[in-house]
Each structure stands twice: as structure tokens, then as C-alpha cells.
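1. here is my input, please return the structure:
(one chain, ligands or ions: 2)
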Amino acid sequence: MKPIDEYQTYRNLPPLAGLCSMKRAIDSDWSLDESVARLKRIHYVFRRVHESLISRIPGEPIYELKTLYSHHAYLCAEQIDLIRKRVSEMREPPLGLDKVPDLNLELALDELSRCPDTVHFLAGLYRTILPECVIACERLQTDAHPLADAPTVRISKLMAFEIRDVYSTGQACLDCLLSDEDHSSVLEWQSHLQAYISSAGSIDGTSDPTPAPLSRRYETEDVIYQREPERDERFRDPYNAGVNPEAFLYNEQYAAKDKTLMIYYKRLREIDVPEVMATILIDLRHEEPWDFHMEMSRQMWDEARHAMMGEVGFASQDIDWTEIPINFTWSRNLNTQLSPRERHGVLFFIEQGLMPKTGKRYEWEIASESGDTLAKLFQDFDWADEVLHAQIGRRWYVPRYNSLGEAMAYGDKCWTRVLSKWQEYQDQGLTEHRNWWPELYTKVCSQRGTIPDPETLAFSQTYQEQRADLETLE
Ligand SMILES: [Fe+2]
Ligand SMILES: [Fe+2]
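-> Ligands and ions are numbered 1, 2, ... in the order given. Model (predicted):
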């Protein structure tokens, strides 16, 4: 028999469609069972990380972490989706993807999800759990049969590629927040989690298991999830509902150029949507199938992107957004007054209402007319995203009702039931509902070198009697 290294292809072309050498392809030390088992373990870790990230979005005050968690939760969802599709190609249902594959792995992720401190959470996730996940994906990429199991090799490569980026950004965040005095407790915490992973024989179960840590740090009742949103100190006066940007936007008398400021405000304020969506996802985690979570995670990330587009818009005009009261009472009121199904109803009602001529198309037209090319670009993509969100709503919310009309009416009714607490927040001394518009407008005019238009300057409509779709409140 000729040595396998001497195997010849036509004119020495790369063999086997470039997958591997003939020698590697003959090596049969791989099985479908092993492939499924490893994928399921990695899948479990991504599921738990996805959930942990989402559950922290409302209660995490730091804006940059809210958007980071929204992004990373979405990326975890994409990996989960890849694995689920691949496992379903190799197995008949039931796929058993909801089973816990290893009790020590479960303990590691329980500990991570219950960790109350942000810095420790970041360290546990981005320095320990996700790097271990990448190692498991890389090992799968090398060990899986390159020809027979090529689809698994492909997704392992993609997962390792994306998650490496995820943890390096997470580690960069940790470096900014980690203080010298936390240093040793963080290292101890990382080795505590590492010990659980080792006791599971690594994430993929390929190593020899070591003894598990003797005791857990957190108990079952230690839950860090809270519905009430928190904001960091840059959000000054977040109860302020003294300016109604929709009333400005839809008033013909104002100039498009000035309206883009309100558009940027509305975009940035959208950080409240991930805060609401996170609670819908967490509260319905056992009631809805994976595809619901997948699509809603994408939408949640889009809303975080929209908020950042607002942030970029203000930065592009040299406006310090922290001087503007970014209101958070919409997410606060919804999350504390409504059930998850009711919150979903309100979300759908609002998003569906953005579709007609007066919604996203109008914002895009204003942005186009304003001469602000960045606003036009952002509104173009914002509109495209909202079309997708309306479709997601039609797939996951509308079928629960007899018709689209009924589904809309339910959302409208739920929104009407939400108490705006306009007066109450003022009486409690939480805000004076100061009209911040003249200040912002004057500043922008001075930067532009123009004289403020007296009527534009005099805009003073609030949310006291109107909600964001300009319906009158009773
Ligand atoms: Fe949005
Ligand atoms: Fe949306």
C-alpha cells in the first residue's frame, strides 16, 4: 500500500474541497454522539450566559454596560441558534436541548448568575466562563471530523471567532472598572468558578473531572434580577417629562434641522426599550419557545443600537447628552405596573404605530430634509429595523389574539392603564419637569452661529396631558 502522504489529486489541487488532508480524513476517531454531546454542553453555557446578561440589563445602572449586555446577549443567542440547528440535523426530536448536561457546569453558571457585584460578574463571565467556552469551541473545531462533520467544524470556528471578540471587549470593560482593592477578591472568585468548570471536566467534558469546590458562594434565593430600571449618575433628572419631543416633531411650524435634535433625543431615550424587553424575556423565559427568545433578543439589541445612534448624533453636534434629562419613566412605569404580556402588548402597539406614514417614514423624511447626513443614515436603518420589529410582533404577539385589531386594542388598553405618575413624581421631589428645550436649542444655535427662532425657543409642551403617540391622557 502506498503511504497516504503520497495521495495525489488532479494536478495537486487541494484535496477534499480544502477541508483537510487525506490523512486527516482517514482518521476516524470521532462520532456523531460525541459531536452532539459537546455541542449540547456549549449550548447550555450560552443559554445560561444569555439569560444572565439579559436579567442584568434593567438593574445595571451603567449605560455602556446596558448596551454591552444587550449586544452580548444577542450574540449568545446567535450561537445558541447555530447549535440548535446543527443538533437538529443530527438527531430526531426531542433534542433534549433543555436538559442540564452536567451538574457542576450548572453550579458554575448558578454562581455567576447570582453574583451581585458588577465587577465580579464581568470578571467571572469575561475572564473565566467565555474564554473556557472559546477553548471548547476551538477543541471541537480541531477534533470534529473535518469531512463527515464539516457543518460542526464550521459553526465551531464561527463561534470561537465571535466569542473571542465578546470576551475581549468585556475584559476591557473590567479593566476600566476594577479597583486595586478588588483585585485579589476577583482573582479568588475566578478560581472558584474555574474550579467548578474543572470539576465538570471542562465545558466540553473532555478533561478528567477534578473535585468540586466544597461550598457555594450564593444560595438559590440570591437573585439579582430586578425589573425596576437603574441609571448611572450621568442621567440627571430622569423623571423629567417636561418636554414632549413627539409634539415638537409633528408640528409643521418647526424646522427639520431643529427636529433632528428631538430625533436624537428620542433615539437615545430608547435605552428604555431594552430595559422593558429584558423583563419580558426573563419573565416569559419558561413560557415561550427558543425562537421567541432569539427574535426578541435581536430586537432588544436593535433598540440598544438605536439608543447609541442617538448618542452618536449628539456627539456629532458637540452636544453633551448628560446635560439633557433622559427620561426613564416609560420603562420604570411599565416594568413596575404591568405583567409581561401587558408590557409586550404596549411594545407591539407602539411599534406597529410606527409603521404608517406618520411614524418612521416621517422621521426619515425629516432627517433627509434637515441636511444632517448622519441623521438620514441613522433614520434609514432605524426604519428598516422597525419594519423587522413589527414583523417579530406579528409572529410572536398577534397570534395570541383573534385578530390584528384585537391585538392592537389590547396593547392600547394596557398602555392607557399605565399611570404616568407625572404629578406624583413631582410631588415626591423627584423632578420639577423643567423645560430643558430652550437651553438645548439656544446652545445649538450659538454653536451654529444662528439666532434662535423665538417660536421654536418658546416650545413648551410636556407629557402631562399627552403620551408619546400624542393620545390625550385622562
Ligand atoms: Fe427603536
Ligand atoms: Fe423597535
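
2. going forward, measure contacts and count neighbours with C-alpha atoms only.
-> Will do.

3. in the protein, where is pLDDT below threshold?
-> Applying pLDDT under 70 to the chain flags residues 357, 474.

4. quick one, domains of it?
-> 30-199, 245-457 (automatic domain parsing).

5. can you list contacts of stretch 176-191?
-> Contacts to stretch 176-191, defined as Cα atoms under 8 Å, 6 or more residues apart in numbering, come from residues 119-120, 123-124, 127-128.

6. most neighbours of all those residues, which one?
-> Neighbour counts for the contacts of stretch 176-191, by other Cα atoms under 10 Å, peak at Gly124, which reaches 26 neighbours.

7. what helix or strand does the nearest residue to that residue once chain neighbours are set aside sit in?
-> Nearest residue to Gly124 in three dimensions, chain neighbours excluded: Gln190, at 5.6 Å (Cα to Cα, 6 or more residues apart in numbering). Element membership for Gln190, per DSSP states H and E: helix 183-199.

8. quick one: that helix to chain centroid distance?
-> Averaging C-alpha positions (Cα atoms, centre = their mean, to the nearest Å) puts helix 183-199 27 Å from its chain's average.

9. after that helix comes which helix or strand?
-> Next in sequence after helix 183-199, counting helices and strands by DSSP H and E, comes helix 245-249.

10. could you say what helices and strands that following helix packs with?
-> For helix 245-249, the elements it packs on are helix 256-269, judged by 3 or more Cα pairs under 8 Å, 6 or more residues apart in numbering; DSSP states H and E.

11. just the CA coordinates of the helix it packs on, formatted as CSV?
-> The C-alpha trace of helix 256-269 is given here as CSV (Å, rounded to 0.1, in the frame of the first residue of the first chain):
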residue,chain,number,x,y,z
ALA,A,256,-36.3,70.0,10.1
LYS,A,257,-32.9,70.9,11.3
ASP,A,258,-34.2,71.5,14.8
LYS,A,259,-36.4,68.5,14.7
THR,A,260,-33.3,66.2,14.3
LEU,A,261,-32.3,67.2,17.8
MET,A,262,-35.6,65.7,19.1
ILE,A,263,-35.0,62.7,16.9
TYR,A,264,-31.6,62.2,18.5
TYR,A,265,-33.2,62.6,21.9
LYS,A,266,-35.9,60.0,21.1
ARG,A,267,-33.2,57.6,19.9
LEU,A,268,-31.0,58.0,23.0
ARG,A,269,-34.1,57.7,25.2
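
12. so how far is it from its chain's centroid?
-> On Cα atoms, centre = their mean, the centre of helix 256-269 falls 23 Å from the chain's centre.

13. kindly report the same for stretch 53-66.
-> 9 Å.

14. buried set for that stretch?
-> 53-63, 65-66 (16 or more other Cα atoms under 10 Å).

15. and those residues as CSV, adding secondary structure and distance to Ile271?
-> Shown next, in CSV, are the buried residues of stretch 53-66 (DSSP: H, G, I helix; E, B strand; the rest coil; distance: Cα to Cα, whole Å):
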residue, secondary structure, distance to Ile271
Leu53, helix, 15
Ile54, helix, 14
Ser55, helix, 15
Arg56, helix, 14
Ile57, coil, 10
Pro58, coil, 10
Gly59, coil, 13
Glu60, coil, 12
Pro61, coil, 11
Ile62, coil, 11
Tyr63, helix, 8
Leu65, helix, 11
Lys66, helix, 8
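
16. and which of these is nearest Phe248?
-> Tyr63 (26.3 Å; Cα to Cα).

17. if we can go back for a sec, just the CA coordinates for the helix holding Gln190, please, in PDB.
-> Extracted C-alpha coordinates of helix 183-199, given in PDB (Å, rounded to 0.1, in the frame of the first residue of the first chain):
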ATOM      1  CA  HIS A 183      -8.000  42.700  42.600                       C
ATOM      2  CA  SER A 184      -7.400  39.800  44.900                       C
ATOM      3  CA  SER A 185     -11.100  39.000  45.600                       C
ATOM      4  CA  VAL A 186     -11.700  39.000  41.900                       C
ATOM      5  CA  LEU A 187      -8.900  36.500  41.300                       C
ATOM      6  CA  GLU A 188     -10.300  34.300  44.100                       C
ATOM      7  CA  TRP A 189     -13.700  34.400  42.500                       C
ATOM      8  CA  GLN A 190     -12.300  33.500  39.100                       C
ATOM      9  CA  SER A 191     -10.600  30.500  40.600                       C
ATOM     10  CA  HIS A 192     -13.800  29.500  42.400                       C
ATOM     11  CA  LEU A 193     -15.600  29.400  39.100                       C
ATOM     12  CA  GLN A 194     -12.700  27.800  37.300                       C
ATOM     13  CA  ALA A 195     -12.800  25.000  40.000                       C
ATOM     14  CA  TYR A 196     -16.400  24.300  39.100                       C
ATOM     15  CA  ILE A 197     -15.600  24.200  35.400                       C
ATOM     16  CA  SER A 198     -12.700  21.800  36.100                       C
ATOM     17  CA  SER A 199     -15.000  19.600  38.200                       C
END
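
18. list the buried residues for that helix?
-> Buried residues in helix 183-199, counting neighbours by 16+ other Cα under 10 Å, are found at 186, 189-190, 192-199.

19. repeat that for stretch 97-117.
-> For stretch 97-117, by 16+ other Cα under 10 Å, it's 97, 101-102, 104-116.

20. and it, how far out from the chain's middle?
-> Distance, stretch centre to chain centre, for stretch 97-117: 20 Å (Cα atoms, centre = their mean).

21. and if you look at stretch 222-237?
-> 16 Å.

22. make 18 the starting number, not 1.
-> With 18 as the first residue, the last one maps to stretch 239-254.

23. what does Thr489 show for phi and psi?
-> When read as degrees, to the nearest 10, the backbone of Thr489 gives phi -80, psi 140.

24. what do you get for Gly35?
-> phi 80, psi 10.

25. what's the local residue count around it?
-> Neighbours of Gly35 (other Cα under 10 Å): 10.

26. CA atoms only: put whichever helix or strand Ala407 is part of into PDB for me.
-> Take DSSP H and E as the rule and Ala407 turns out to sit in helix 390-413. Taking Å, rounded to 0.1, in the frame of the first residue of the first chain, the C-alpha atoms of helix 390-413 are listed here in PDB:
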ATOM      1  CA  THR A 390     -26.500  63.200   6.600                       C
ATOM      2  CA  LEU A 391     -25.800  61.300   9.800                       C
ATOM      3  CA  ALA A 392     -29.400  61.700  10.900                       C
ATOM      4  CA  LYS A 393     -30.600  60.500   7.500                       C
ATOM      5  CA  LEU A 394     -28.300  57.500   7.600                       C
ATOM      6  CA  PHE A 395     -29.500  56.500  11.100                       C
ATOM      7  CA  GLN A 396     -33.200  57.000  10.300                       C
ATOM      8  CA  ASP A 397     -32.800  54.900   7.200                       C
ATOM      9  CA  PHE A 398     -31.600  52.000   9.300                       C
ATOM     10  CA  ASP A 399     -33.900  52.700  12.200                       C
ATOM     11  CA  TRP A 400     -36.800  52.500   9.900                       C
ATOM     12  CA  ALA A 401     -35.500  49.200   8.400                       C
ATOM     13  CA  ASP A 402     -35.100  47.800  12.000                       C
ATOM     14  CA  GLU A 403     -38.600  48.800  12.900                       C
ATOM     15  CA  VAL A 404     -40.100  47.000  10.000                       C
ATOM     16  CA  LEU A 405     -38.400  43.900  11.300                       C
ATOM     17  CA  HIS A 406     -39.700  44.500  14.800                       C
ATOM     18  CA  ALA A 407     -43.300  44.900  13.600                       C
ATOM     19  CA  GLN A 408     -42.800  41.500  11.800                       C
ATOM     20  CA  ILE A 409     -41.500  40.000  15.000                       C
ATOM     21  CA  GLY A 410     -44.500  41.300  16.900                       C
ATOM     22  CA  ARG A 411     -46.800  39.800  14.200                       C
ATOM     23  CA  ARG A 412     -45.200  36.500  14.700                       C
ATOM     24  CA  TRP A 413     -45.000  36.300  18.400                       C
END
